[in-house]
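K.L.:
Got a sequence here, can you build the structure:
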Amino acid sequence: MKNQKIAIITLGCSKNTVESESVAGLFVKDGFLLTNDVNDADIILIHTCSFIQDAQTESRLQIEKACAVKQKNSGLKVFVSGCLPQLLKEKMKSQYPLIDGYTGTGAFGNIVNLIKKNKFFADTLYPGGMNDSRKRVLSDSLPSTYIKIAEGCSHRCSFCIIPSLRGKYKSRTIKSVTDEAKALADFGIKEINVIAQDTTAYGTDIYGRPRLDKLLNEMAKIKDLKWIRLLYAYPSTVTESLLETICANDNICNYLDIPVQHISKNILSAMKRPVNTYKIIENIKSKFPEITLRTSLITGFPGETEKDFEELACFVRGNWFEHIGIFGYSDQETAGSFKLKNKIAGDITAARKQALADIQFGNVVKNNLKKTGRVFEVLIESVNKNKAFARAYFQAPEIDSCIIIGGKQKNAFKPGSFSEVKITGVKGYDLTAN
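P.N.:
Prediction:
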């Protein structure tokens, strides 16, 4: 199979991206060639996501597109990996007869051998994930990427199917992560975003207690790393030691992503989430006001009353978070919440989602206006003939707002470089600068 061309289509979040980059390295090592053109490929691999209904729909759409290409090219092989076959298992065979094989999350790291041996079938569907990124082929030319420090999750949030898809929480060693971070820095990476299903649980399974602060301190010693950013923190395990570590290191961004999901104790209890979330966030903002916070919220969870929602809306009005991702509840047949009564109608869920978005937009404009006139160091992400687009430490890649740079200086910026800019105004969620 050497010199065969493989196109890898990655769906879902950054954790899936890291897995695809890792397996791409294994393909290259074995003599395969990578291509971005599915019409020029001998093999198409679709690495799927099924966390919410929209993700499942996107995965199915990509499978159908690949099958359409295969109908025009009988020699093409199409394989599907990741969360969707892990969820559907044997159903995949009957639903998509044109697919040549499937593997779930646990066997993804063995995918090259499975394809070569033509043993790429549903008997490989056990939960897990690819937790070794030493052979990665980076998919982006900018000096920014992700490091996955753990796989799986040991929480049992009622709306989430990740534990059944990915298994129990499994940390990498500090040495494994820091070795990869050093290799990435040597390659030219300047920003590393630390990710896992739950980053703040890091180390509990192998060191007996959370060691994320230790890991971050070790990563901060890598002199060529400009920014280290922490995503996916679980509220109840955000410790003061961790927050002090963030603030004490110049190359760790004063930024923390804490998906709280809701604020009503009734809903948090039904979600099987920490019910003292408000106190946790209040404590962080009072003791560490310099840290920018991001969160995720869910509207329309089963049983969410008008009172519950108003409590959530009041919480958003408090302007605790600079960035918020808002999602309508997605029913999953295998999730615990599927059995809950008092389901919320889709139009009510959507209306509540929009109401929160409107409140948060007002917060964003107010927060952005306070930045006007200030100078920030930014990472230039792209440049066109009219503008340059960049991010500051308080903006994570892909999910947050950006800084739009105009004026005569725009042509002086180079993608992938760091520069200082002065904030001149606000444009929607974004900032303008020159």
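K.L.:
Run through the stretch 51-200 of the chain and note the low-pLDDT ranges.
P.N.:
118-124, 133-134 (pLDDT under 70).
K.L.:
Look up the residues forming beta bridges with the nearest residue to Ala433 once chain neighbours are set aside.
P.N.:
Distances taken as Cβ to Cβ, 6 or more residues apart in numbering put Val421 closest to Ala433, at 4.0 Å, once the chain neighbours are dropped. Where C-beta positions appear, they are placed from N, C-alpha and C, glycine not excepted. Taking DSSP bridges as the rule, Val421 bridges to Phe376.
K.L.:
Hmm, Leu379 and Val421 touching each other?
P.N.:
No - the criterion here is Cβ atoms under 8 Å, and Val421 misses it with Leu379 at 10.8 Å.
K.L.:
Give me the common contacts of the two.
P.N.:
When Cβ atoms under 8 Å, 6 or more residues apart in numbering defines a contact, the residues bordering Val421 and Leu379 alike are Ala390.
K.L.:
Give me the longest helix you can find in the protein.
P.N.:
If you go by DSSP state H, the chain has its longest helix at helix 346-369.
K.L.:
what helices or strands is it leaning on?
P.N.:
Packing partners of helix 346-369 (3 or more Cβ pairs under 8 Å, 6 or more residues apart in numbering; DSSP states H and E): strand 292-299, helix 306-317, strand 323-328, strand 418-427.
K.L.:
So which residues of the chain form helices?
P.N.:
14-29, 53-72, 83-88, 91-95, 111-116, 162-166, 174-187, 204-207, 212-220, 240-248, 265-271, 277-287, 306-317, 346-369.
K.L.:
Could you pull up the mean pLDDT of the longest one?
P.N.:
I take that to be helix 346-369. Across helix 346-369, pLDDT averages out at 97.
K.L.:
what angle do that helix and strand 323-328 make?
P.N.:
Counting by axes from the mean of the first three to the mean of the last three Cα atoms, to 10 degrees, helix 346-369 lies at 170 degrees to strand 323-328.
K.L.:
quick one: helix 346-369 to strand 292-299, angle?
P.N.:
Using the same axes, to 10 degrees: helix 346-369 against strand 292-299 is 170 degrees.
K.L.:
Show residues contacting helix 346-369.
P.N.:
Here helix 346-369 makes contact (Cβ under 8 Å, 6+ apart) with 297, 299-300, 304, 309, 312-313, 316-317, 319, 321-322, 324, 326-329, 401, 426, 429, 431.
K.L.:
how many degrees apart are it and strand 418-427 in direction?
P.N.:
Using the same axes, to 10 degrees: helix 346-369 against strand 418-427 is 120 degrees.
K.L.:
thinking again about what came up before, got the buried residues for the longest helix of the chain?
P.N.:
The neighbour-count check on helix 346-369 (16 or more other Cβ atoms under 10 Å) flags 349, 352-353, 355-356, 359-360, 363-364, 367-368 as buried.
K.L.:
One more: stretch 275-289?
P.N.:
By 16+ other Cβ under 10 Å, the buried positions in stretch 275-289 come out as 275, 277-278, 280-281, 284, 288.
K.L.:
same check, this time on stretch 263-276
P.N.:
Neighbour counts over stretch 263-276 (16+ other Cβ under 10 Å) mark 263-268, 270-271, 273-275 as buried.
K.L.:
mean confidence score for that stretch?
P.N.:
For stretch 263-276, the mean pLDDT works out to 96.
K.L.:
Name the residues that touch it?
P.N.:
By Cβ under 8 Å, 6+ apart, the list of residues contacting stretch 263-276 reads 155-159, 234-236, 260-262, 277-278, 280, 298, 301-305, 307-309, 311-312, 315, 336-337, 340.
K.L.:
Filter those down to the buried ones, PyMOL style.
P.N.:
Buried residues within the contacts of stretch 263-276, by 16+ other Cβ under 10 Å, are selected in PyMOL with:
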select buried, resi 155+157+158+159+234+235+260+261+262+277+278+280+298+301+302+303+304+308+309+311+312+315+336+337+340
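K.L.:
got TSV for the buried residues of stretch 263-276, with distance to Lys65 too?
P.N.:
Shown next, in TSV, are the buried residues of stretch 263-276 (distance: Cβ to Cβ, whole Å):
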residue	distance to Lys65
Ile263	40
Ser264	41
Lys265	44
Asn266	42
Ile267	38
Leu268	39
Ala270	38
Met271	35
Arg273	37
Pro274	41
Val275	44
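K.L.:
close enough to count as contact, Ile46 and Val80?
P.N.:
Yes - under the criterion of Cβ under 8 Å, Ile46 makes contact with Val80 at 5.0 Å.
K.L.:
Touching both of these two, which residues are there?
P.N.:
Ile63.
K.L.:
sorry, back to before: pull the most distant pair out of the buried residues of stretch 275-289.
P.N.:
Spanning the widest gap among the buried residues of stretch 275-289 are Val275 and Phe288, at 22.2 Å by Cβ to Cβ.
K.L.:
So which of the buried residues of stretch 263-276 is the closest to Asp250?
P.N.:
Top of the list for closeness to Asp250, among those and by Cβ to Cβ, is Pro274 at 30.9 Å.
K.L.:
residues near the residue nearest to Ala433, how many?
P.N.:
23 (other Cβ atoms under 10 Å).
K.L.:
contacting residues for it?
P.N.:
Val421 makes contact with 375-376, 378, 390, 403, 405, 433-434 under the criterion Cβ under 8 Å, 6+ apart.
K.L.:
okay, now the domains of this protein?
P.N.:
5-124, 144-369, 375-433 (automatic domain parsing).
K.L.:
Which one of those lies nearest to Asn131?
P.N.:
Among these, the nearest to Asn131 by Cβ to Cβ is domain 144-369 (4.5 Å).
K.L.:
can you give me the end-to-end distance of that closest one?
P.N.:
End-to-end span of domain 144-369 (Cα to Cα, to the nearest Å): 27 Å.
K.L.:
now that domain, how far from the centre of its chain.
P.N.:
Centre-to-centre, domain 144-369 and its host chain are 10 Å apart (Cα atoms, centre = their mean, to the nearest Å).
K.L.:
Provide a ChimeraX selection command restricted to the buried entries of the contacts of Val421.
P.N.:
A single ChimeraX command is used to select the members of these judged buried by 16+ other Cβ under 10 Å:
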select :376,378,390,403,405,433
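K.L.:
Much appreciated, bye for now.
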